[in-house]
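**Q** Turn this into a structure:
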Amino acid sequence: MAKSRTTSASGRGRKPLLERAVEYFGISGRTECVAAASLFGLMIGLKLVNMTRYKFDSDESQHLHVIWAWARGFVQYRDICDNHMPLFQIAFAPIFALIGDRPTILYWMRFTLLPMYFVTMWCTYRIATLLFSKRAGVWATIEAGLYPGYHFCSFEFRTDNLWAPLWLLCLIVLLNGTITVRRALAAGLLLGLCFGISGKTTLLLVSILTSGALTLLLVGWRKAGLSRGYLMRCVAAFLATALLIPAIIVGIFALRGIWQQFRYWVVDNNILPGLLNHPAWWALIFPIAFPLVICAAWIVVRKAPDPATAFRRGFVFLICGFYILALWSFWALVTRQDYLPYHPLAFAFYSAASLLVSNYFVRQRWPLGALFKHVPLPAFIAAGEIVAIIILHPFWIDGGKNETNLLRATLTLTGPGDYVLDEKGETVFRQRCFGPIWEPFVMERIRRGLMIDNAAKNCVEKRACVATKRKDMSSATTRFVEQNFLPVGKGLWVAGGFLKRSQEDLKRFDFDVVIPALYEITAREGTVSGMLDGTPYTGARFLAAGKHSFVQTSNESTLAFLWAQAVDRHFLPVDHDDNPGH
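**A** Here you go, the predicted model:
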């Protein structure tokens, strides 16, 4: 009986979960807690829904094709061209092997990367908490996760969605206490993993070193509590482990005799003076704006309550400013995924600023103050972001079905030994006859005469009878596909062409074959009969490259010659190309 009364008293003394959450996160009350929890739930729900409904980016197929190659025993750079560091592809090759070749592989791989999204969200919360408060951490997580520019890119299967979380973990290690050699070693190792995934880590490294030095000057050496000698040992330890993993990767490829190919695709190919996807005058942004960022950082440091907080805030603020300005000014091709390391850090400051504005309205007793007292401004910002996400991509529209249909058709139409001509590896499961991927650096090299566009020649030599036709292929390759392939639906083109009647004899059709292979003469309806190259046509026949003739004895009006394997697997020419990338 006594034990029962004790248990009952303990239960009565324990606060409800909602009240404990309010106290733990330091938020204003139950209403704000419910609003934050609801918005967080909507954020996760929208994430999961859009992972299955949002269109696939061409980079996702490109990375997946390289992973497929590793899983099949090919070696990156030697057997398959790729312009990325290899750690991401190597890490996911065993997972791909377990899943196997299936049309839905892109969905599967998006979900295998999902845990890193939650790592990023935790890092966002933790960094904002270290800089400001747990309340700011909660709203930074929600605002960043619902920001459309981050939301849609952060669930794609791409190297950047492993690279960015590792970068944030590196920063947390640096921010989570007094700098020591052990802490520097751990942070450097995490940055080294970033180097193993992307060469863009160079910009992150420079951001850390520059921002750290400037923050020490703004805060002061004495307040930082570190001697210069000890700090230099920490920097040396950080750099040593940061360069360790890329050095190991380089060493392994060099020992396997692949150094030249590795260097070309990872370094040389990605450096091409004069190639920009933004105005050249953007180069002026950094020298003009970064001094202003330093001044703003000085204000941030001065407003901090203690030296440790001042250093953390100034350090992260300068990293944000340096990274984004250097990206705009000095990076050749600025893409949306380049912002993935930036948004979580920036929203730590955005959330803190929006909370300050909200609290100001409450103190001033303005009309909005009564509302913001219970539901702060960040909640309304997050709600607006949800509306923007739905408007930008209504989740009831299935944007991923085209790529899934393409992969399903590829697996049905081709065998493991068949080559294909595609843009970046969007057919995923088959070897490409043209090694380089069609992306801006390759296109510009071809235009400048630094690389030969021999895609058509390779297609003929390797008898690639299946192709895709997408907007980023060279004009010469596009013409080759249009002239020597027929669309068969599902985004695929198959070697063949429509037969044109001779002016002298309406029963006679003369045509050219470019890719030697087995072909069939087909019609939309009925059975085709006649004489092919002077002998009775009885079905699939090997046609060498060159001129051929067909004399029709049947009555079909529209005839085509088509790769026999496509006909056997029930693929026939369509009136238009429904290629999702065209």
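**Q** In terms of pLDDT, where does residue 534 sit?
**A** pLDDT, residue 534: 90.
**Q** Near it, how many other residues are there?
**A** When counting by other C-beta atoms under 10 Å, one arrives at 7 neighbours for residue 534. For glycine as for every other residue, the C-beta is placed from the backbone atoms N, C-alpha and C.
**Q** Would you check how far apart it and residue 561 are?
**A** 16 Å (C-beta to C-beta, to the nearest Å).
**Q** before we move on, what about residue 257?
**A** Counting by C-beta to C-beta - residue 257 and residue 561 are separated by 44 Å.
**Q** Those two - which one has more neighbours?
**A** residue 561 (24 against 9).
**Q** Tell me if that one really is in a strand.
**A** Yes. Remark: residue 561 belongs to a strand, assigned using DSSP: H, G, I helix; E, B strand; the rest coil.
**Q** Show me the helices in the stretch 101-250 of the chain, by range?
**A** 105-112, 114-131, 134-146, 148-151, 160-175, 181-197, 201-219, 221-224, 228-255 (DSSP state H, counting those that start in this stretch).
**Q** Please spell out which residues along the longest one are buried.
**A** Put plainly, it is helix 228-255. The neighbour-count check on helix 228-255 (16 or more other C-beta atoms under 10 Å) flags 231, 234-235, 237-239, 241-246, 249-250, 253 as buried.
**Q** Same question for the first one.
**A** Residues of helix 105-112 classed as buried under the neighbour-count rule (16+ other C-beta under 10 Å) are 105-110.
**Q** name the helices or strands packed onto it?
**A** Counting by 3 or more C-beta pairs under 8 Å, 6 or more residues apart in numbering; DSSP states H and E, the packing neighbours recorded for helix 105-112 are helix 30-53, helix 58-71, helix 87-99, helix 401-413.
**Q** per-residue confidence averaged over that helix?
**A** On average, helix 105-112 scores 96.
**Q** could you give the angle of it to helix 401-413?
**A** 120 degrees (axes from the mean of the first three to the mean of the last three C-alpha atoms, to 10 degrees).
**Q** okay, the residue nearest the centre of the chain: pLDDT?
**A** By C-alpha atoms, centre = their mean, the chain has its centre lying nearest to residue 158, at 3.3 Å. On the pLDDT scale, residue 158 is placed at 96.
**Q** For it, which non-adjacent residue is closest in space?
**A** Computed as C-beta to C-beta, 6 or more residues apart in numbering, the closest residue to residue 158 that is not its neighbour in sequence is residue 59, at 5.2 Å.
**Q** tell me, how many neighbours does that neighbour end up with?
**A** Neighbours of residue 59 using other C-beta under 10 Å come to 20.
**Q** residue contacts, it?
**A** Contact analysis of residue 59 by C-beta atoms under 8 Å, 6 or more residues apart in numbering lists 156, 158, 337, 424.
**Q** isn't the third one right next to residue 163, touching?
**A** No. At 9.0 Å, residue 337 and residue 163 do not qualify as touching, with contact defined as C-beta atoms under 8 Å.
**Q** If you count surrounding residues, which of the two has more?
**A** Neighbours per residue (other C-beta under 10 Å) separate residue 337 from residue 163, with residue 163 holding more: 27 against 20.
**Q** how far away is residue 385 from residue 139?
**A** 12 Å.
**Q** In terms of neighbours, single out the busier of those two.
**A** Neighbours were counted for residue 385 and for residue 139 using other C-beta under 10 Å; residue 139 has more, 32 against 23.
**Q** Now for that one: which residues touch it?
**A** So residue 139 contacts 36, 128, 351, 354-355, 376, 378-379, 382 (C-beta under 8 Å, 6+ apart).
**Q** redo that, cut-off 7 Å
**A** Shown in contact with residue 139 (C-beta atoms under 7 Å, 6 or more residues apart in numbering): 351, 355, 378.
**Q** same deal with residue 60?
**A** With C-beta under 7 Å, 6+ apart, residue 60 has these contacts: 106, 156-158.
**Q** got TSV for those, with distance to residue 292 too?
**A** Formatted as TSV, the contacts of residue 60 follow (distance: C-beta to C-beta, whole Å):
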residue	distance to residue 292
106	43
156	33
157	38
158	33
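**Q** about what we covered before: to residue 403, which of the helices of the stretch 101-250 of the chain lies closest?
**A** Proximity to residue 403 (C-beta to C-beta) singles out helix 105-112 among the helices of the stretch 101-250 of the chain, at 6.0 Å.
**Q** List the contacts of that closest one.
**A** Helix 105-112 has contacts (C-beta under 7 Å, 6+ apart) with 51-52, 56, 60, 64, 95, 99, 155-157, 400, 403, 407, 428.
**Q** could I get that helix in CSV with only the CA atoms?
**A** Written as CSV, here are the backbone C-alpha positions of helix 105-112 (Å, rounded to 0.1, in the frame of the first residue of the first chain):
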residue,chain,number,x,y,z
ILE,A,105,16.3,2.0,-57.8
LEU,A,106,16.3,5.8,-57.7
TYR,A,107,13.6,5.8,-55.0
TRP,A,108,15.5,3.2,-53.0
MET,A,109,18.7,5.1,-53.1
ARG,A,110,17.0,8.4,-52.0
PHE,A,111,15.7,6.6,-48.9
THR,A,112,19.2,5.1,-48.2
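**Q** if we can go back for a sec, distance-wise, check the residue nearest to the centre of the chain relative to residue 102.
**A** 20 Å.
**Q** Tell me how many other residues surround the closest residue to residue 239 other than its chain neighbours.
**A** Nearest residue to residue 239, sequence neighbours excluded (C-beta to C-beta, 6+ apart): residue 188, at 6.6 Å. By other C-beta under 10 Å, the residues close to residue 188 number 27.
**Q** Filter the contacts of residue 139 down to just the ones in helices.
**A** 351, 355, 378 (DSSP state H).
**Q** With distance to residue 179, pLDDT and neighbour count added, can I get these in CSV?
**A** Shown next, in CSV, are the ones in helices among the contacts of residue 139 (distance: C-beta to C-beta, whole Å; pLDDT from 0 to 100; neighbours: other C-beta atoms under 10 Å):
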residue, distance to residue 179, pLDDT, neighbour count
351, 26, 96, 30
355, 29, 94, 22
378, 31, 95, 29
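**Q** Switch those residues over to CSV; also include distance to residue 83.
**A** Putting the ones in helices among the contacts of residue 139 into CSV (distance: C-beta to C-beta, whole Å) gives the following:
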residue, distance to residue 83
351, 36
355, 42
378, 39
